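Return atomic coordinates for the entry below.
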Amino acid sequence: MKQLSLPEMIDVPPVWLAAFAAIAWCQATYLPLGLSLAHPITQLLGGLLVGAGVVVILLAAYEFRRHKTSIIPHLTPNRIIQSGVFSKSRNPIYLGDALILLGLVLRWDAVLSLPLVPIFVWCIERRFIVAEENRMRREFRADYGRYEQKVRRWV
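Residues are numbered from 1 along each chain as shown. This is a model prediction of the structure:
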């Protein structure tokens, strides 16, 4: 198995999610500019999105454990997971991260931070997903090609 360098150990999606969430929290706390979507429904929706994101991530982690393969983004897994949430999304953990970020933005009423969600998705795609998919294509060839055709990247 490949030995991860310190930058690779730090350069993981939860760190990126934490950074984007910190920016949103700072914006809501120190720079709200009088903009607000505050409403009990918005608060509820934000909480539901955070909860849904956590559930999706846990379901994906369960599949990684069940299939005994690596969940670490910089490593090549030893098999393609196509069951559970992976039958609906090729990247359920990243989808869960995006749901959590959107939910936090809504809960914190960080209106100016709403554009952070698509920026986060773009960064995750460029930083992790493209490289992961290239490794999967090299490792699993036609099997991964069929999986790509059958299951969308996000939903």
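
Centre-most residue in the chain?
Geometric centre of the chain, nearest residue: Tyr94, 1.7 Å, by C-alpha atoms, centre = their mean.

in what helix or strand does that residue lie?
Assigning secondary structure by DSSP states H and E places Tyr94 in helix 92-107.

and the angle from the following helix or strand past that helix to helix 92-107?
Reading on from helix 92-107 to the C-terminus, the next helix or strand found by DSSP H and E is helix 116-124. Using axes from the mean of the first three to the mean of the last three C-alpha atoms, to 10 degrees, the inter-axis angle of helix 116-124 relative to helix 92-107 is 160 degrees.

just checking, what packs against helix 116-124?
The contact analysis (3 or more C-beta pairs under 8 Å, 6 or more residues apart in numbering; DSSP states H and E) places helix 116-124 against helix 13-30, helix 92-107. For every residue, glycine as well, the C-beta is placed using N, CA and C.

Flag the shaky bits of this structure, pLDDT-wise.
By pLDDT under 70, the weakly predicted segments of the chain are 1-2, 4.

longest single helix anywhere in it?
Identified as the longest helix of the chain according to DSSP state H is helix 40-66.

what's the spacing between the residue of the chain most remote from its centre and Leu112?
Computed with C-alpha atoms, centre = their mean, the residue of the chain farthest from its C-alpha average is Gly34, at 29.8 Å. Here the criterion is C-beta to C-beta, to the nearest Å. By it, Gly34 lies 11 Å from Leu112.

what's the closest non-adjacent residue to Ser36?
The shortest distance from Ser36 to any residue other than its chain neighbours is 5.5 Å, reached at Asp109 (C-beta to C-beta, 6 or more residues apart in numbering).

Same question for Ser70.
Of all residues not flanking Ser70 in the chain, Pro77 sits nearest, at 5.0 Å (C-beta to C-beta, 6+ apart).

pretty sure Leu45 contacts Val105?
No - contact criterion C-beta atoms under 8 Å: Leu45 and Val105 do not qualify, at 10.8 Å.

The residue nearest to the centre of the chain: what's it in contact with?
Pro13, Val121, Ile124, Phe128, Ile129, Trp154 (C-beta atoms under 8 Å, 6 or more residues apart in numbering).

count of residues packed around the second one?
In this case it means Val121. By other C-beta atoms under 10 Å, the residues close to Val121 number 19.

same thing with the last one?
Trp154 is flanked by 14 other residues according to other C-beta under 10 Å.

Next up, the contacts around Asp11.
By C-beta under 8 Å, 6+ apart, the contact list for Asp11 reads His74, Arg127.
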